[in-house]
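Let me see the structure of the following:
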Amino acid sequence: MRRFVIDRQKLTENIASIRARAGVPIIAVLDADACGMGMFRMAELLAEQGVELFAVSDPADAVRLRGRGFITQTILVLRSTAVAEDIEQIIAADAVASIGSMQAAQALIAACAERGIAAQGHLLVQTGWGMSGFSADDYEDIRQVYLSTPDLEITGMYTLTADEKTPSKQAAVLTELAARLRKDGIDPGMLHAAEDRALRSSDTSVFLDAVRVHRAFGGRMEPLHTVGWLETEIVEVQELARGSVCAGVQLRQPITAAVIPVGLADGIEEPEPESRFRRASKKGGSPVTIAEQPVPVLTVGQYDTLLNVTGMAVKPGDLVRIEIDPAQYGRRTEQYEI
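Below is the predicted model:
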């Protein structure tokens, strides 16, 4: 048995804290199955909390969200594309396209003209991280896209940022570009540069008109709650004799080991000699508990993990709880919510 449990109340509190911290609308990025918390369940909870701006990188996810009844929300596709199949899905989902090149703009305009419909887009601008998008120096191309055709309405402009240390510089490039557009009588629309990492910054000016939030929902930054944990069970209890070898080390004393059915294949830890998972365990802060008692980790194999339960009254079937990040592990398991 393996299931990933999400504490709905803590997740709701995180959403409220993030919105208060941002002070502007948040764009909830639902990629990677909402960082392991379940795209549809997360979308439902966000909608209940009044979040109306979603984002995905895969146009097919926009179609799936619409199919599950998320009709009124704005869905931004965070990938510029000139591929016909992608554009078809963006149009089918009535999503907002990212436009990071003249090629992408022309492909979307042609698709709209062919169908006799209009579409919305956000301009993607590359501001120094080396990612895709219009160069901020390509002002004439950017201006042309804004003015291109009634079939394509540009309702925003954004950039992707490297980390929490650089958004202020990248946001400044974006705001300067927006000011130039306004001087030419063009409304640049919604501006967004900050991602959830920027919520740690004291410089709120980088938040602009919206903040894109992804992993922060799971609580991996202060003062947010950690919202998820993995539940499994002991499948075997083994007695390891003094002198036997465990994890490449000869035991100096006998150990009672419990086997749980999760391992490297489930993403429990990186395959390195001293992973963060085992370091935490060795320091007495084991992320693994049985009946609320921390349990040291002996070794993590491909499919199983051994726990040191010496002196504990445990048996097969006993519940084991592992505190881990849903962004890294939750999407690998079946998910439940409290």
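
Low-confidence stretches in the stretch 51-200 of the chain?
The stretch 51-200 of the chain contains residues with pLDDT under 70 at 129-130, 162-167.

again, 80 this time
128-131, 161-167 (pLDDT under 80).

And the helices in it?
Using DSSP state H, counting those that start in this stretch, the helices of the stretch 51-200 of the chain run over 59-67, 84-92, 102-115, 139-147, 167-183.

again with the stretch 201-338 of the chain
276-282, 326-329.

Out of the ones you listed, which gets the lowest mean score?
With a mean of 49, helix 276-282 has the lowest mean pLDDT of these.

that older thread, can you list the helices of the stretch 51-200 of the chain in CSV and add mean neighbour count?
Backbone N, C-alpha and C define where each C-beta goes, glycine included. Below are the helices of the stretch 51-200 of the chain laid out as CSV (neighbours: other C-beta atoms under 10 Å):
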stretch, mean neighbour count
helix 59-67, 19
helix 84-92, 17
helix 102-115, 18
helix 139-147, 16
helix 167-183, 17
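
So which of those is nearest A32?
helix 59-67 (10.1 Å; C-beta to C-beta).

for the closest one, packing partners?
helix 39-48, strand 53-56, strand 74-80, helix 84-92 (3 or more C-beta pairs under 8 Å, 6 or more residues apart in numbering; DSSP states H and E).

distance of A247 from V300?
As judged by C-beta to C-beta, to the nearest Å, A247 and V300 stand 9 Å apart.

re earlier: which stretch among the helices of the stretch 51-200 of the chain comes nearest V29?
Of the helices of the stretch 51-200 of the chain, nearest to V29 by C-beta to C-beta is helix 59-67, at 10.6 Å.

The closest one to helix 84-92, inter-axis angle?
20 degrees (axes from the mean of the first three to the mean of the last three C-alpha atoms, to 10 degrees).

ok, and what's touching helix 59-67?
30-31, 39-40, 43, 54, 56, 73, 75, 77, 79, 81, 86-87, 89-90, 92-95 (C-beta atoms under 8 Å, 6 or more residues apart in numbering).

Tell me what angle it forms with helix 39-48.
60 degrees.

Could you single out the most deeply buried of the helices and strands packed on helix 59-67?
strand 53-56 (a mean of 24; mean count of other C-beta atoms under 10 Å).

I'd like to know which elements that one is packed against.
Looks like strand 53-56 contacts strand 26-29, helix 59-67, strand 74-80 (3+ C-beta pairs under 8 Å, 6+ apart).

Now with 7 Å, please.
strand 26-29, strand 74-80 (3 or more C-beta pairs under 7 Å, 6 or more residues apart in numbering; DSSP states H and E).

Reformat those strands as CSV; add distance to P294.
Formatted as CSV, the helices and strands packed on strand 53-56 follow (distance: least, C-beta to C-beta, whole Å):
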stretch, distance to P294
strand 26-29, 33
strand 74-80, 39
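
residues contacting A82?
The contact partners of A82, taken as C-beta atoms under 7 Å, 6 or more residues apart in numbering, are 103-104, 107.

Roughly how far does the closest residue to I87 other than its chain neighbours sit from T149?
Among residues not flanking I87 along the chain, A111 sits closest, at 4.8 Å (C-beta to C-beta, 6 or more residues apart in numbering). Distance of A111 to T149, given as C-beta to C-beta: 12 Å.

so what's in contact with these two at the same time?
Shared contacts of A111 and T149, counting by C-beta under 7 Å, 6+ apart, come down to nothing at all.

In this structure L108 contacts Q120, no?
No - L108 lies out of contact with Q120 (C-beta atoms under 7 Å); the separation is 9.9 Å.

Against T299, how distant is L240?
11 Å.

which residues are common contacts for these two?
C246.

which residues touch P254?
P254 touches 239-242, counting by C-beta under 7 Å, 6+ apart.

cutoff 6 Å now
Residues near P254 by C-beta atoms under 6 Å, 6 or more residues apart in numbering: 241-242.

Can you list phi and psi of it for me?
phi -60, psi 150 (degrees, to the nearest 10).

Then F70?
Torsion angles, degrees, to the nearest 10, at F70: phi -90, psi 80.

burial count for it?
As a burial measure, F70 scores 20 neighbours (other C-beta atoms under 10 Å).
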